[in-house]
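**Student:** what shape does this take:
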Amino acid sequence: MQKNKYLILIFLSCILFKLQAQSNDLSLPALEKNKFQNLGIKFGFYGSNQIIEGSGSLPLNTIGQYPIFTQSFLLFYEFQPEKAISFQLGLGYRQRGFKSEFRYEPSIQKNVPNLNNELKISRFGNLNFDFIVKITLARKKDWKIYFLAGNRIDRLISYDSPFWGENSAYYSRIQWGTTFGIGGEYKIKKFGTIFIETDIDTKFMTVMQDFDFKTKRVIQDVALGMQVGLRF
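**Tutor:** As a prediction, the model looks like this:
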């Protein structure tokens, strides 16, 4: 699973720098000055956890979940039709997970406490597609503060979960989520724009309740974190 993650990061980085090189080679003045050609890259770290809703063999929100640190990486294209608003489309890798005192026991199809109450990590990797709206709150010379909000669609690509069991078929492959946050950026002439963002993102998905493939249970992945990046 780790190998797949690094291959994705390398592939996305190659796309970014290839596109940037092509835009720099354009000889038409109109295209060279086009403010809509704004490629960027950002990465970050998050405190991630999972909330399980509903009733059944698992107690509601009392499952011994604990947050873990996870990471994200995104390539994006940003365009700014108005001075105070911009839109961002992104493709990247997003990791989420949690620690729990419980594990799935297939012989009884229920979650049971780990031996010695050991905390075991569940970790999920996703290929994510982001759509973000940025609204400028304050601007001064080369500095800007902005609010950001948006939606995303995730595709599960790696799965390691003692809590949910070895069979990832119980877990929904396609997931959607929301993002809200605030950021600040600084423009460096002849180089690009560096920025830092802090945001809360929530992802909604389903897993089969009681592992019987009959009733779905709603899950929320909640993460709070910070990202840094560069926009060309």
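**Student:** from here on, contacts and neighbour counts on C-alpha atoms
**Tutor:** OK.
**Student:** now for I194: which residues touch it?
**Tutor:** By Cα atoms under 8 Å, 6 or more residues apart in numbering, the residues touching I194 are E185, Y186, K187, I188, V228, G229, L230, R231.
**Student:** what lines up beside the helix or strand encompassing the third one in the sheet?
**Tutor:** Right, K187. Assigned by DSSP states H and E, K187 belongs to strand 174-188. Using DSSP bridges, strand 174-188 pairs in its sheet with strand 143-160 (antiparallel), strand 192-209 (antiparallel).
**Student:** circling back: just the buried ones among the contacts of I194, please.
**Tutor:** E185, Y186, K187, V228, G229, L230, R231 (16 or more other Cα atoms under 10 Å).
**Student:** hmm, back to that, between the contacts of I194, which is closest to P162?
**Tutor:** Ranking the contacts of I194 by separation from P162, with Cα to Cα as the measure, puts V228 on top at 31.7 Å.
**Student:** look up how far E78 lies from that closest one.
**Tutor:** Look at V228 and E78: by Cα to Cα, to the nearest Å, they are 16 Å apart.
**Student:** now swap in R152 and tell me
**Tutor:** Taking Cα to Cα, one finds R152 at 15 Å from E78.
**Student:** sorry, back to before: kindly reformat the buried ones among the contacts of I194 as CSV containing pLDDT.
**Tutor:** Rendered in CSV, the data for the buried ones among the contacts of I194 read as follows (pLDDT from 0 to 100):
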residue, pLDDT
E185, 96
Y186, 96
K187, 92
V228, 96
G229, 95
L230, 92
R231, 91
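**Student:** in stretch 176-191, which residues are buried?
**Tutor:** In stretch 176-191, counting by 16+ other Cα under 10 Å, buried: W176, G177, T178, T179, F180, G181, I182, G183, G184, E185, Y186, K187.
**Student:** number of residues surrounding the closest residue in space to the second one that isn't next to it in sequence?
**Tutor:** Across the structure, with Cα to Cα, 6 or more residues apart in numbering as the measure, the residue nearest G177 apart from its sequence neighbours is K203 (3.9 Å). Residue neighbour count, defined by other Cα atoms under 10 Å, stands at 20 for K203.
**Student:** does K203 really touch S172, like I thought?
**Tutor:** No - taking contacts as Cα atoms under 8 Å, K203 lies outside contact range of S172: 11.7 Å.
**Student:** nearest residue to G92 other than its sequence neighbours?
**Tutor:** L74 (4.0 Å).
**Student:** er, L137 I mean
**Tutor:** Nearest-residue entry for L137: Y146, 5.0 Å, with adjacent residues in sequence omitted and distances by Cα to Cα, 6+ apart.
**Student:** just confirm the one you found contacts I132, I think it does.
**Tutor:** No - judged on Cα under 8 Å, Y146 makes no contact with I132 at a distance of 11.9 Å.
**Student:** give me the contact list for the strand holding K187.
**Tutor:** Counting by Cα under 8 Å, 6+ apart, 142-156, 193-205 sit against strand 174-188.
**Student:** bridged to I121, which residues?
**Tutor:** Counting by DSSP bridges, the residues bridging with I121 are K99.
**Student:** am I right that it is in contact with R96?
**Tutor:** No - using Cα under 8 Å as the test, I121 is too far from R96 to be in contact (10.6 Å).
**Student:** compare neighbour counts for these two and give me the winner.
**Tutor:** R96 (24 against 19).
**Student:** how far away is the residue nearest to the spatial centre of the chain from E101?
**Tutor:** Residue closest to the average C-alpha location in the chain (Cα atoms, centre = their mean): R94, at 4.0 Å. The spacing between R94 and E101, counted by Cα to Cα, is 24 Å.
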